[in-house]
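S.K.: What follows is a predicted structure for the sequence shown.
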Amino acid sequence: MVSLNLSRNNFIGKVPSNIGKLTSLEFLDLSRNQLVGSIPSSLTQIDRLTMLDLSHNHLAREIPTNTQLQSFNISSYEDNFYLCGPPLEKLCIHGGQHQNQMLKFMRINFHFSIVNFT
């Protein structure tokens with residue numbers, strides 16, 4: 001498989017940690033879902049990846065550093081409020097207020113999701 005477009009599917013949850021096993025991917029679009037958590041480091045194992053779009057989700061934490069993930073345009077990551085690190089201008093603050101706000105936001109969203117389903 002060379003191209004995988006799963007955008008606008010309203011997926012909820014984390015990006016699978018084994019996504020890096022799709023080593024032949026050149027195009028990956030997971031935009032406009034409700035994905036949470038961090039970008040799995042296994043994504044960096046997809047050496048052929050030339051287009052990545054993770055925008056408009058709820059991804060958080062630092063973009064894996066010293067990888068090809070810094071070579072993608074900022075628009076690949078836009079509207080993930082708690083995502084930080086290059087190529088974004090937002091710096092990551094480890095263990096500080098930024099991380100606490102992110103965890104609070106994720107707990108509120110999780111609680112809200114449970115309330116909506118019950």
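M.R.: Noted; the coordinates are in hand. Predicted model only: the values in this text are computed from it and were never measured.

S.K.: which stretches of this structure form strands?
M.R.: Assigned by DSSP state E, the chain shows strands spanning 3-5, 12-14, 27-29, 34-37, 51-53, 58-62, 82-84.

S.K.: Pairing partners for the third one, with directions?
M.R.: Looking back up the chat, that one is strand 27-29. As defined by DSSP bridges, the strand partners of strand 27-29 come to strand 3-5 (parallel), strand 51-53 (parallel).

S.K.: Which positions within the last one qualify as buried?
M.R.: Residues of strand 51-53 classed as buried: 52-53 (neighbour count, 16 or more other CB atoms under 10 Å). For the C-beta atoms, the positions are set from N, CA and C on the backbone; glycine is no exception.

S.K.: what sits up against it?
M.R.: Strand 51-53 has contacts (CB atoms under 8 Å, 6 or more residues apart in numbering) with 7, 26-31, 69, 72, 75-76.

S.K.: from the residues you listed, which single one is nearest residue 46?
M.R.: residue 28 (7.4 Å; CB to CB).

S.K.: contacting residues around the closest one?
M.R.: So residue 28 contacts 3-4, 22, 46, 49, 51-53 (CB under 8 Å, 6+ apart).

S.K.: and what of residue 87?
M.R.: With the criterion set at CB under 8 Å, 6+ apart, residue 87 makes contact with 63, 70-74, 77.

S.K.: Give me the buried subset of the residues you listed.
M.R.: With burial judged by 16+ other CB under 10 Å, the buried subset of the contacts of residue 87 is 63, 72, 77.

S.K.: Let me have those in a markdown table, extended by pLDDT and distance to residue 57.
M.R.: Below are the buried ones among the contacts of residue 87 laid out as a markdown table (pLDDT from 0 to 100; distance: CB to CB, whole Å):
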| residue | pLDDT | distance to residue 57 |
| --- | --- | --- |
| 63 | 94 | 13 |
| 72 | 96 | 15 |
| 77 | 97 | 9 |
